[in-house]
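**Q** give me the fold of what follows.
(one chain, ligands or ions: 1)
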Amino acid sequence: MTVRANWNENEQILHSLKDDILVTNLEGIILKVSEFTGKIYGVESDSLIGKSVYDLEAQGLFTPILTPIVVKEKKKITFVQTTNKGKKLLVTGIPVYNEAGELYRVVSYSHDITELADYKNFLITMEEEMERVKTELDLLRSRQLYDAGIIAKSEAMQNVISTSIQVSEVDVNVLILGESGVGKSLLAKFIHNKSERKNGPFIEVNCGAIPDTLVEAELFGYEAGSFTGANRKGKIGLIELSDGGTLFLDEIGELPLAHQVKVLKVIQEKQFYRVGGTKPIHVDFRLISATNKDLQQAIKDKLFREDLYFRLNVVPITIPPLRQRTEDIVPLIHLLLKQLEEKYKKEKTLDEAVTHHLLHYDWKGNVRELINILERLVVISPSSLITVDHLPEYIKASVPPSPFPIDDHQTLSEMMDAVERQILLKARKKYKTTVRMAEALGISQPSIVRKMKKHQIL
Ligand SMILES: Nc1ncnc2c1ncn2[C@@H]1O[C@H](COP(=O)(O)OP(=O)(O)OP(=O)(O)O)[C@@H](O)[C@H]1O
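**A** Residues are numbered from 1 along each chain as shown. Coordinates of the predicted model:
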């Protein structure tokens, strides 16, 4: 954009503006300035007239200068200038042409953006600070998880962990849902250890493992001589033991219907009677329960009380099955292998193909099943390298072979060769002779021999 100017006519207008306006010739000599310009630089405006912008820059009044750039580019230019007072100015220079169409002046005007620049710097500092705090938090979290022996690489598990950290800070009832072996007990302990009750007891009650007839005595305890077979001195129940800490009711879905109302009462009132007792006992516990059952279905089937369900389910946390968070498998293998190496005083390495199989297995028994398999492998493999041969047949069979390894560094024909080699190796293992291999693969026996020679597997 260009400006056709008549400065004599506009002299008054120039000085009435509350803007910094400066006119130079092409050599950078200042011809006109608005009154406001002097204020910006802390000098008399008139004192600037006749001065060279180059000299003023050398004196430190402002930098960098605009005139030479506008003269060179012959177009409107905008950039940020710094003044002797430390101000940041957004300066725009416009080329002005005379009637003959020749460039003969440069007009510049500016806006003080010091505050804006300060805000920007503040924002950048805050962003850096937030990034630093976030990294620190992530580090702390992963260290906490590491200390707790929890692997949570997948996004799904990370969500589970951040919800758990949030709820650990308040005494709210938590219901942990998930298939068997996904880590519900581990998470319950993690929540307890992160809570203010961490120095109190963590009492784990497996509701499915207590015989029906003993549930009340185990949970509530009993007074001396209250029933035949009972300890003469009486017994403190598990609920009473959890006082000041966390009561973890595992497999709550297995709690017989007949006992559910009593459990509901103690959760609501935090007080109960021992079997045969007449004195109410007060308890202060935080309740975490867990189940792999569909409690809503159990309610429909009249096996679980709806009111108890609502009490337990204030904050539900669902741990997804391992097969839905495969990113956790490799770190889990590393952690578990390390634990097993320590336990059995043996050093073991997994062959890559073993990891491949473990990554693709269905893990119906989740982490617990992975632990069992690894333990078996560590114990039975004779050498330090665990190979596919050591895997149970059902795991070997469950994994489709991966004949198409995509490798960025290989050409298509190299990848095809690799696949062909794998097929031939498998066929040789299965069919033993080149004649049967040829039959099975639908090519001639000489072709099989030629290809095996090519792959140096004959
Ligand atoms: N994310 C994990 N990181 C490390 N170890 C884990 C993880 N999840 C589970 N485990 C381990 O797997 C095993 C089974 O976990 P846990 O007993 O907590 O499962 P669960 O869901 O409570 O099982 P169940 O429903 O049968 O009671 C434990 O040895 C536990 O330490």
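**Q** give me the phi and psi for the residue of the stretch 251-400 of the chain found nearest the ligand.
**A** Nearest to the ligand, among the residues of the stretch 251-400 of the chain, is Val367, at 3.5 Å (CB to the nearest ligand atom). C-beta here means a position set from N, CA and C on the backbone, and glycine is covered the same way. Main-chain torsions, Val367, degrees, to the nearest 10: phi -60, psi -40.
**Q** tell me where the model's unsure across the stretch 301-450 of the chain.
**A** 399-409 (pLDDT under 70).
**Q** swap in 80 and give it another go.
**A** 398-411 (pLDDT under 80).
**Q** residues from it in reach of the ligand?
**A** Leu332, Leu335, Val367, Arg368, Ile371 (CB under 6 Å from any ligand atom).
**Q** burial of the residue of the stretch 251-400 of the chain closest to the ligand, as a residue count?
**A** By the criterion of other CB atoms under 10 Å, Val367 has 20 neighbours.
**Q** got it, and the one 3 residues further on?
**A** Taking other CB under 10 Å as the neighbour definition, Leu370 ends up with a count of 20.
**Q** which among the residues of the stretch 301-450 of the chain next to the ligand end up buried?
**A** The neighbour-count test (16 or more other CB atoms under 10 Å) applied to these identifies Leu332, Val367, Ile371 as buried.
**Q** buried stuff in the helix or strand containing Ile30?
**A** For Ile30, the host element (DSSP states H and E) is strand 30-33. For strand 30-33, burial by neighbour count (16+ other CB under 10 Å) applies to Ile30, Lys32, Val33.
**Q** in CSV: the residues you listed, plus distance to the ligand.
**A** Below are the buried residues of strand 30-33 laid out as CSV (distance: CB to the nearest ligand atom, whole Å):
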residue, distance to the ligand
Ile30, 72
Lys32, 74
Val33, 71
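**Q** what's the pLDDT at the residue in the stretch 51-200 of the chain positioned nearest to the ligand?
**A** Distance from the ligand to each residue of the stretch 51-200 of the chain (CB to the nearest ligand atom) is smallest for Gly183, at 2.6 Å. At Gly183, the model reports a pLDDT of 96.
**Q** what about it, neighbour count?
**A** Counted with other CB under 10 Å, Gly183 comes out at 24.
**Q** now do the helices in the stretch 301-450 of the chain.
**A** 306-312, 329-344, 352-360, 366-380, 393-398, 412-431, 434-441, 445-454 (DSSP state H, counting those that start in this stretch).
**Q** these: which one's closest to Pro95?
**A** Closest of the helices of the stretch 301-450 of the chain to Pro95 is helix 412-431, at 57.6 Å (criterion: CB to CB).
**Q** relative orientation of that closest one and helix 434-441 in degrees?
**A** Note on geometry: by axes from the mean of the first three to the mean of the last three CA atoms, to 10 degrees, helix 412-431 and helix 434-441 are set 120 degrees apart in direction.
**Q** isn't Phe79 up against Phe62?
**A** No: when contacts are counted by CB atoms under 8 Å, Phe79 is not listed as touching Phe62 (11.5 Å).
**Q** comparing those two, which shows the higher neighbour count?
**A** Phe62 (22 against 12).
**Q** for that one, name its beta-bridge partners.
**A** Thr83 (DSSP bridges).
**Q** and what of Gln271?
**A** Bridge pairing for Gln271 - DSSP bridges - gives His282.
**Q** farthest pair within the residues of the stretch 301-450 of the chain next to the ligand?
**A** Farthest pair in those, by CB to CB: Leu335 and Arg368, 14.0 Å.
**Q** still on that earlier bit, pull the next helix or strand after the strand holding Ile30 out as PDB, backbone CA atoms only.
**A** Beyond strand 30-33 in the direction of the C-terminus, DSSP H and E gives the next helix or strand as helix 35-41. What follows is helix 35-41, C-alpha atoms only, in PDB (Å, rounded to 0.1, in the frame of the first residue of the first chain):
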ATOM      1  CA  GLU A  35       4.500  15.500  18.900                       C
ATOM      2  CA  PHE A  36       3.800  12.200  20.500                       C
ATOM      3  CA  THR A  37       7.000  10.600  19.000                       C
ATOM      4  CA  GLY A  38       9.200  12.700  21.300                       C
ATOM      5  CA  LYS A  39       7.300  11.300  24.300                       C
ATOM      6  CA  ILE A  40       7.900   7.800  23.300                       C
ATOM      7  CA  TYR A  41      11.700   8.300  23.100                       C
END
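**Q** list the buried ones in the helix or strand just after helix 35-41?
**A** Using DSSP H and E, the helix or strand that follows helix 35-41 in sequence is helix 53-58. For helix 53-58, the neighbour count (16+ other CB under 10 Å) marks Val53, Leu56 as buried.
**Q** using CSV, write down the CA coordinates of helix 53-58.
**A** Provided in CSV are the C-alpha atoms of helix 53-58 (Å, rounded to 0.1, in the frame of the first residue of the first chain):
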residue,chain,number,x,y,z
VAL,A,53,17.8,7.4,11.9
TYR,A,54,21.1,5.6,11.5
ASP,A,55,22.7,8.0,14.0
LEU,A,56,19.7,7.6,16.4
GLU,A,57,20.0,3.9,16.2
ALA,A,58,23.8,4.2,17.0
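**Q** tell me which element Ser110 falls in.
**A** With DSSP H and E as the criterion, the answer for Ser110 is strand 103-112.
**Q** helices or strands next to the helix or strand following that strand in the packing?
**A** Counting by DSSP H and E, the next helix or strand C-terminal to strand 103-112 is helix 114-148. Judged by 3 or more CB pairs under 8 Å, 6 or more residues apart in numbering; DSSP states H and E, the packing partners of helix 114-148 are strand 88-97, helix 155-168, helix 184-194.
**Q** mean neighbour count for these - can I get that in TSV?
**A** Shown next, in TSV, are these (neighbours: other CB atoms under 10 Å):
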stretch	mean neighbour count
strand 88-97	19
helix 155-168	18
helix 184-194	21
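**Q** columns distance to Tyr109 on top of those, output as CSV?
**A** CSV is the format used below for the helices and strands packed on helix 114-148 (distance: least, CB to CB, whole Å):
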stretch, distance to Tyr109
strand 88-97, 6
helix 155-168, 51
helix 184-194, 59
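**Q** quick check: which of the ones you listed is nearest to Leu458?
**A** Comparing the helices and strands packed on helix 114-148 under CB to CB, the one sitting nearest is helix 155-168, at 48.0 Å.
**Q** nearest residue to Ile69 other than its sequence neighbours?
**A** Setting aside the residues directly before and after it, Ile69 is nearest to Ile77 in space (CB to CB, 6 or more residues apart in numbering), at 5.2 Å.
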